[in-house]
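*Asks:* sequence and computational prediction follow.
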Amino acid sequence: MQRTRVVLAVQLAIRAGVAALLSVGVAHYFGLKLIQPLITSCLVIDLSPEETRRLAFKRLVATVLGGVIGASLDMLLPSNPIAVGLGVLAAMLASELLRLEGTARLAGFVCGICVLQQGDPPWSYASARLIETAIGIAMAVLASHVPRLIRVEAKA
C-alpha cells in the first residue's frame, strides 16, 4: 500500500514537472509572464488525462468569468478594497447562479486580481491572464498523457 502511494506520487510529480517545464518554456518563448502558466499547469495536472481535462475546463471557465467581471468592474470602480470585495462577491455569485460547479473560488480570485492590477488596461490584463492560463492548461493536458513509468497492480 505504501509503495503504491509513493509510486503514484512520483508519477504525478513527473507529469507536473513536465507540464511546468512546457508551460514556462512556451510562455517564455512568447514573452509572457511565467507565473500563471506554471500555477495552472501544476493545479490541473492529474494522473488521469480525463481528470486533468475536467480540472482544466473548470479553471478555464473560472478564468473567463473572473476576468470578464474583474475587467468590467475595474473600468467602473477605482482599485480599492471595496471594489475587490464587490468583485469577488460578484464573481462567486455569478459562478453559482450559472451553476458552474467548482469554479466560484477561482472566479472570485481571478476577478480580485483583475480589479487590483494597475498599469495595464483592464481588458488587456484579463486577456493576458486568459492566454497564460490557456498555455498552462494545454501543457498540463499534454503532460497528462505521459505514460506511467511504473505500473501499479490493483488488489483484487
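*Replies:* Here it is on my side, so go on.

*Asks:* how about the residue nearest the centre of the chain, what does it touch?
*Replies:* For the chain, the residue nearest the mean C-alpha position is residue 40 (3.6 Å; C-alpha atoms, centre = their mean). By C-beta atoms under 8 Å, 6 or more residues apart in numbering, the residues touching residue 40 are 23, 59, 132, 133, 135, 136, 137, 140. Heads up, the C-betas are built off the backbone N, CA and C, glycines and all.

*Asks:* would you list those residues in CSV and tack on distance to residue 29?
*Replies:* Output for the contacts of residue 40, formatted as CSV (distance: C-beta to C-beta, whole Å):
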residue, distance to residue 29
23, 11
59, 22
132, 13
133, 17
135, 10
136, 14
137, 17
140, 17
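
*Asks:* which residues touch stretch 16-23?
*Replies:* Stretch 16-23 has contacts (C-beta under 8 Å, 6+ apart) with 37-38, 40-42, 45, 135-136, 139-140, 142-144, 146.

*Asks:* top of these by neighbour count?
*Replies:* Highest neighbour count within those: residue 41, with 33 neighbours (other C-beta atoms under 10 Å).

*Asks:* for that one, give its distance to residue 18.
*Replies:* Counting by C-beta to C-beta, to the nearest Å, the separation of residue 41 from residue 18 is 9 Å.

*Asks:* then residue 85?
*Replies:* The separation that residue 85 has from residue 18, given C-beta to C-beta, amounts to 38 Å.

*Asks:* more neighbours, the two?
*Replies:* Neighbours were counted for residue 85 and for residue 18 using other C-beta under 10 Å; residue 18 has more, 19 against 13.

*Asks:* next SSE downstream of the helix or strand that one falls within?
*Replies:* Secondary structure assigned from DSSP states H and E places residue 18 in helix 2-29. The helix or strand immediately downstream of helix 2-29 is helix 35-44, counting by DSSP H and E.

*Asks:* what's the following helix or strand after that following helix?
*Replies:* helix 49-76.

*Asks:* that next one vs helix 35-44, what angle?
*Replies:* Relative orientation of helix 49-76 and helix 35-44, computed by axes from the mean of the first three to the mean of the last three C-alpha atoms, to 10 degrees: 140 degrees.

*Asks:* put together TSV for the contacts of residue 40, with secondary structure on each row.
*Replies:* Output for the contacts of residue 40, formatted as TSV (DSSP: H, G, I helix; E, B strand; the rest coil):
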residue	secondary structure
23	helix
59	helix
132	helix
133	helix
135	helix
136	helix
137	helix
140	helix
